[in-house]
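1. predicted structure and sequence below. I'll ask about it afterward.
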Amino acid sequence: MTGKSAVGERTDGFLDLRDYAALGDGRSVALSGADGSIDWWCVPNMDSPPLFDRLLAPDDGGRFAITPDEPFTVERRYREGSNIHETIFTTAGGRAKIVEGINSGSAGRLPWCELARRIEGLDGHVRFLVDIRIGTRARTCSPYLVPNPSGVVFHAGGVLGLIVRSDGVAVEIDEDLRFRAALGVGPGQREWVAIVAGEDEPLVVPTIEQIDARLHTSDSEWCDWSARIGYDGPYRALVLRSALALKLLLYSPSGAIAAAATSSLPERIGGDKNFDYRYAWVRDAGYTIKAFLLIGADAEAKAAFTWLIKRIDEHGAQVCYTLGGNRVGGVTEIDLPGYRGSQPVRIGNAATEQHQHGIYGDIFEVAARFVACGNILDDRSAAVLATLADQCADGWMQPDSGIWELPELRHYTMSKISCWQALARAVELAEAGHIANRCQPRWSRVRDRIAAWIDAHCWSEAKQAYVGWAGGTALDASLALAVHFGFDGRNRLSATVDAIDRELGAGPFHYRYGGVSSEEGCFLACSFWIVEAKAMLGRTDEARAAFEALVAGLGEDAETYPEMIDPQTGAFLGNIPQGLTHLALVHAAAALRSVR
């Protein structure tokens, strides 16, 4: 196991984002803080209103805290190959451990949510205080508790739940909004506190013994899944941990892949770039599917690819979809303080109203990788892809919002490269007989026209780089992906990577595009894309050094990565766990493996 030491101290009621570990069961994700407080949990689904939201409301937000009643230090880690998490608290009186996870059963995900926490005494004696406050589910309900022979029942809108405890947990308060208790453990002693919950459905009441057995089963299931990961290259431990994080974001009821598990965590403290990422972006899902294919997680890749194709067939090529497969609704602002006072707090995402050409390249890249692994396409999926290729060939000359979902409609270079990528992959699929080849000659011609247009309009002699959009001067770090896509012009792409390093680099990290450093932190996926590009360009030693500097900059103790980082302070920024960051790490490590 790799260890993490952290004080877990709060500033103005908030923990640093790097002090959170993600727990999950393929349906919901909870964030457990280094001080023993679970500050985020949406029940029953990742995109449900939060039952615990202390992450965004430190004073009165919902939480499930089990914390020593005296000063402590902390060691934290995931169990090897598992998403079951351990926290060891050391006080003046002794040492104790919390083992926690969201349980699954031997047959897979449970039909209810079961958040299990076991407290184990190690040395001496440690006393814990238990503080559970049921949240208002984003100001949509007024929760209340009801004592019950089976435990303490709570109601929060449509959510019905039960606080289950072992006999050694002494209840001090169980009123409408708060459950408070105390417990103590010595060497070899164990106590349990768990929450069982569901929405608009009858509730099963398990025993402590059943909950604890399922915690063990969950750990075994995670370890079995990890053992099947077919990656034997460099940085395997990092790749495996990222794979486990990506697995948490795979919404098993549908096969959708959430971009992240949280909403409204700021890209700059005090800024207004606070977005809801609990939806399935075509871009993020596509890259994640490719990452699953790279590591041999074929079942997950197939489920997500099938879901994506069906949504495109049903709704057309949207930027993102709900985890249930519908169009994303409009944005609603919630009256919560926000993380470290960063407002607004949002539900919904305005990207659903945009068009991005990048979706064409993303879905075709996945399809190409899928068949390259020896898999086959069905007739319906092949027809959907052929239709998309025609749409791309028809619309590539139109401006769009670009990969970064900017409000200005422009001829973004990365969008044009994505159209080139889509048609290049469509031609390859048609030539191999995977999709209809009736329009293949046209796709080939348009592909070549796009490449010529990019070289004529998006290359800057002064910058010695492809710029962010035709006629512009700002650089765009996402252009590093063009190397992975196989875009023509190896020398120009190498020069562009150098220019990105010069103008957008901040230590081992990179900003997304020019002029954005005052608005947000460095975008971690971009830095891993730079590593991948350098490796594929044959700059292997440089790529490896950049990868190791990145990991060191994130901190050896970090296992759950966010969207961004403050390059000056090292503070994590943005939603967490961020799928794009973890999958970009997987791709970068795989690129280093292929050139090893």
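-> Looks like it arrived, so ask away. Numbers count the residues shown, from 1 in each chain.
2. helices along the stretch 251-400 of the chain, start to end?
-> With DSSP state H, counting those that start in this stretch as the criterion, the stretch 251-400 of the chain has helices at 282-294, 298-315, 358-372, 379-395.
3. what's the angle from the last one to helix 298-315?
-> This points to helix 379-395. Between helix 379-395 and helix 298-315, the angle comes out at 60 degrees (axes from the mean of the first three to the mean of the last three Cα atoms, to 10 degrees).
4. now do whatever helix or strand comes next after helix 379-395 against helix 282-294: the angle between them, please.
-> Once the chain leaves helix 379-395, the next helix or strand it forms, by DSSP states H and E, is helix 413-431. Calculated by the same axes, to 10 degrees, helix 413-431 forms an angle of 50 degrees with helix 282-294.
5. quick one: name whatever helix or strand follows helix 413-431.
-> Following helix 413-431 in sequence, per DSSP H and E, is helix 440-457.
6. and the angle from that next one to helix 413-431?
-> Going by the same axes, to 10 degrees, helix 440-457 makes 160 degrees with helix 413-431.
7. hang on, the earlier thing: take the helices of the stretch 251-400 of the chain and write them to TSV, including mean neighbour count.
-> From N, CA and C alone the C-beta is placed, and that goes for glycine too. Below are the helices of the stretch 251-400 of the chain laid out as TSV (neighbours: other Cβ atoms under 10 Å):
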stretch	mean neighbour count
helix 282-294	25
helix 298-315	19
helix 358-372	24
helix 379-395	19
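8. of all those, which one is nearest Ala589?
-> Among the helices of the stretch 251-400 of the chain, helix 282-294 comes nearest to Ala589, with 9.1 Å by Cβ to Cβ.
9. now that closest one, how far from the centre of its chain.
-> Relative to its parent chain, helix 282-294 has a centroid offset of 12 Å by Cα atoms, centre = their mean, to the nearest Å.
10. export the helices of the stretch 251-400 of the chain to a markdown table and tack on mean pLDDT and distance to Gly93?
-> Below are those laid out as a markdown table (pLDDT from 0 to 100; distance: least, Cβ to Cβ, whole Å):
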| stretch | mean pLDDT | distance to Gly93 |
| --- | --- | --- |
| helix 282-294 | 93 | 45 |
| helix 298-315 | 95 | 44 |
| helix 358-372 | 96 | 54 |
| helix 379-395 | 97 | 61 |
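11. can you redo those helices as a markdown table with distance to Ile334?
-> Output for the helices of the stretch 251-400 of the chain, formatted as a markdown table (distance: least, Cβ to Cβ, whole Å):
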| stretch | distance to Ile334 |
| --- | --- |
| helix 282-294 | 23 |
| helix 298-315 | 26 |
| helix 358-372 | 29 |
| helix 379-395 | 36 |
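12. can you tell me which of the ones you listed is nearest to Gly515?
-> helix 358-372 (20.8 Å).
13. helices or strands up against that closest one?
-> helix 282-294, helix 298-315, helix 379-395, helix 413-431 (3 or more Cβ pairs under 8 Å, 6 or more residues apart in numbering; DSSP states H and E).
14. restricting to C-alpha, output the first one in CSV.
-> Meaning helix 282-294. Output in CSV follows, covering the C-alpha atoms of helix 282-294 (Å, rounded to 0.1, in the frame of the first residue of the first chain):
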residue,chain,number,x,y,z
VAL,A,282,-19.1,12.4,-25.4
ARG,A,283,-15.5,13.7,-25.2
ASP,A,284,-14.8,12.4,-21.7
ALA,A,285,-16.7,9.1,-22.3
GLY,A,286,-14.8,8.5,-25.5
TYR,A,287,-11.4,9.0,-24.0
THR,A,288,-12.4,6.8,-21.0
ILE,A,289,-13.6,4.0,-23.2
LYS,A,290,-10.2,4.1,-25.0
ALA,A,291,-8.5,4.0,-21.6
PHE,A,292,-10.5,0.9,-20.6
LEU,A,293,-9.6,-0.7,-23.9
LEU,A,294,-5.9,0.1,-23.3
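15. to Arg76, which of the helices of the stretch 251-400 of the chain lies closest?
-> Among those, helix 282-294 sits nearest to Arg76 (Cβ to Cβ), with 25.1 Å.
16. return the distance of the lengthiest strand in the chain from the chain's centre.
-> Determined from DSSP state E, the single longest strand within the chain is strand 113-124. Relative to its parent chain, strand 113-124 has a centroid offset of 26 Å by Cα atoms, centre = their mean.
17. repeat for stretch 61-75
-> 25 Å.
18. now swap in stretch 266-274 and tell me
-> 18 Å.
19. picking that back up, can I get the helices and strands packed on helix 358-372 in CSV including distance to Arg346?
-> Formatted as CSV, the helices and strands packed on helix 358-372 follow (distance: least, Cβ to Cβ, whole Å):
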stretch, distance to Arg346
helix 282-294, 18
helix 298-315, 22
helix 379-395, 29
helix 413-431, 25
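20. and stretch 78-89, what's buried?
-> In terms of neighbour count (16 or more other Cβ atoms under 10 Å), stretch 78-89 has its buried residues at Tyr78, Gly81, Ser82, Asn83, Ile84, His85, Glu86, Thr87, Ile88, Phe89.
21. count the residues that sit near the residue lying closest to Thr496 once chain neighbours are set aside.
-> Spatially, and ignoring its direct neighbours in sequence, Thr496 is nearest to Ala465 (4.2 Å; Cβ to Cβ, 6 or more residues apart in numbering). The local packing of Ala465 (other Cβ atoms under 10 Å) involves 25 other residues.
22. where does Ala465 fall, phi/psi-wise?
-> In terms of degrees, to the nearest 10, the main-chain angles of Ala465 are phi -160, psi 160.
23. picking that back up, which stretch among the helices and strands packed on helix 358-372 comes nearest Asp566?
-> So among the helices and strands packed on helix 358-372, helix 282-294 is nearest, using Cβ to Cβ, at 22.5 Å.
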